[in-house]
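Visitor: how would this look folded up:
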Amino acid sequence: MIRIYSENEIEILRQGGKILAKIIEELKKEVKPGVTTKHLNKVAENLVFSWGAEPSFKGFEGFPAALCTSINEEIVHAVPGKRKLKEGDILSLDFGVRFEGYCTDMAITVPVGKIDKKIKKLIRVTKETLKIGIKQAKPGNHLGDIGYAIQDYAEKNGFNVVQELVGHGVGKKVHEEPKIPNYGSPDEGPELKSGMVLALEPMVTIDDWHVEKTKNGSGYKTVDNSLSAHFEHTIAITPKGPKVLTQL
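Guide: Just a heads-up that it's a prediction; the model follows:
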């Protein structure tokens, strides 16, 4: 069952989402060659508590950290550790906040130093697929409209969308119904209704989109070790259309 949230609940989610967006902006400033992902996790955790919120990922399904730090071929849910970022890496920062009992979720992919043109294009296109998917999140449309728009744009630009991992509903819990694939067909799937709160998160790869578990068992990576980018926003569907909750 897909939960419908009230205007008051969505306002609380917006407040939490603003905190989350501020944290992501601060984390971006910390990303540079030589920095460890463990350091980024510590920064995120310190910030979230300083703003009167909590990290929603820590302890969720056994996840041991507050922040997901996925590098290069890692797609999502990689655990921070002693690994140092290197010039030319790309890094996905995926973070969740719980504020006054409500959860928001956000992710971005950023370069570490200089990267080549094709990798810049991968990041740009992935970010654009999220914007395109959000535009489809309006009452009367269907989940398939979101997935179709994301997949179509990514593939027209020469990339592939991961089909084994999906976005999700969010709000009272970190993960709620519905599952939101980044592929699909127009007019298929559940109808979108005002009050739904969704975490849209396209994951786009340069080559093969198939995934496998990382060595530590928490994260996912591409099977062929090709690069992957990931962007995510929490949105609310309103009578006037989609409202992004995780932005400043």
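Visitor: got the residue ranges for the helices in the chain?
Guide: Using DSSP state H, the helices assigned to the chain run over residues 7-30, 37-50, 117-135, 143-156.
Visitor: relative to helix 37-50, how tilted is the first one?
Guide: This means helix 7-30. Counting by axes from the mean of the first three to the mean of the last three C-alpha atoms, to 10 degrees, helix 7-30 lies at 140 degrees to helix 37-50.
Visitor: which strands and helices sit next to helix 7-30?
Guide: helix 37-50, strand 90-99, strand 102-111, strand 233-238, strand 241-244 (3 or more C-beta pairs under 8 Å, 6 or more residues apart in numbering; DSSP states H and E). C-beta coordinates here come from the backbone N, C-alpha and C atoms, glycine included.
Visitor: What residues sit buried inside it?
Guide: Residues of helix 7-30 classed as buried by neighbour count (16 or more other C-beta atoms under 10 Å): 9-10, 12-21, 23-24, 27.
Visitor: repeat for the second one
Guide: Residues of helix 37-50 classed as buried under the neighbour-count rule (16+ other C-beta under 10 Å) are 37-45, 47-48.
Visitor: Just send the residues you listed back as CSV, with pLDDT and distance to Lys135 too.
Guide: Formatted as CSV, the buried residues of helix 37-50 follow (pLDDT from 0 to 100; distance: C-beta to C-beta, whole Å):
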residue, pLDDT, distance to Lys135
Thr37, 98, 33
Lys38, 98, 37
His39, 98, 36
Leu40, 98, 31
Asn41, 98, 33
Lys42, 98, 36
Val43, 98, 33
Ala44, 98, 29
Glu45, 97, 34
Leu47, 98, 30
Val48, 98, 30
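Visitor: Make CSV out of the helices of the chain and add distance to Gly88.
Guide: Below are the helices of the chain laid out as CSV (distance: least, C-beta to C-beta, whole Å):
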stretch, distance to Gly88
helix 7-30, 17
helix 37-50, 16
helix 117-135, 8
helix 143-156, 23
